[in-house]
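Enquirer: From the sequence below, what's the structure:
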Amino acid sequence: MQLILGLALTAAVFVILKKWGALSPEGQKAAIWKVVLVAGGALLLFMVLTGRVHVLTAGIAALIPLIRKLPVLFRHLPWLRRALGATEERGAGQGQQQAHAAPAGAMSEREACDILGVQPGCSSEEVVAAHRRLMLKVHPDRGGNDYLAAKLNEARDVLLGR
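Expert: Numbering: from 1, shown residues only. Presented below is the predicted three-dimensional model:
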């Protein structure tokens, strides 16, 4: 039995090393990440099954590798916001006109105030300060995206009357 397991292990190591040599440096880096994640998951599962780690702690630990995927989720955030906003408007405002309604495609003053986080009728200094504060967070040069920066600029222009 030990001889069979030894031969199987030797064959597995041979196949793994052969595939490893055929990978590009980027492929090797991705393979290392996969091996680390699979080994970590197996260790976590083992610890849960033996009672050394609580299931909720293991679930939270299993979500940690997904943090790398957050930029992809943020890229889809405007699409998600539009989809959720469309359903909310249809459900809550059927047959009612919104206050400060704007033509189709144009941003209303109320929407601009909500985006910049200011009160309607605020001063131009407050608008500029709020725009600058938010733009520091969402500017494309600082890891943000073009869509959010464009919306902030549009909201500022609406409130400043440009």
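
Enquirer: Tell me the buried residues in stretch 136-149?
Expert: For stretch 136-149, burial by neighbour count (16 or more other C-beta atoms under 10 Å) applies to Val138, Gly144, Leu148, Ala149. C-beta: built from backbone N, CA, C; applies to glycine.

Enquirer: quick one, longest helix in the chain?
Expert: helix 25-49 (DSSP state H).

Enquirer: what's next to the next helix or strand after it, contact-wise?
Expert: On the C-terminal side of helix 25-49, the nearest following helix or strand under DSSP states H and E is helix 55-63. With contact meaning C-beta atoms under 8 Å, 6 or more residues apart in numbering, helix 55-63 is reached by Gly41, Leu44, Leu45, Met47, Val48, Val53.

Enquirer: got the CA positions of helix 55-63 in CSV?
Expert: What follows is helix 55-63, C-alpha atoms only, in CSV (Å, rounded to 0.1, in the frame of the first residue of the first chain):
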residue,chain,number,x,y,z
VAL,A,55,-18.0,28.4,11.5
LEU,A,56,-18.7,32.1,11.4
THR,A,57,-15.1,32.9,11.8
ALA,A,58,-14.2,30.5,9.0
GLY,A,59,-16.8,32.2,6.8
ILE,A,60,-15.4,35.6,7.4
ALA,A,61,-11.9,34.3,6.8
ALA,A,62,-13.1,32.7,3.5
LEU,A,63,-14.3,36.1,2.3
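
Enquirer: after it comes which helix or strand?
Expert: Next element after helix 55-63 (DSSP H and E): helix 70-75.

Enquirer: quick one on the thing from earlier: and which of the contacts of helix 55-63 is nearest Met107?
Expert: Distance to Met107, by C-beta to C-beta, is smallest for Gly41 among these, at 45.6 Å.
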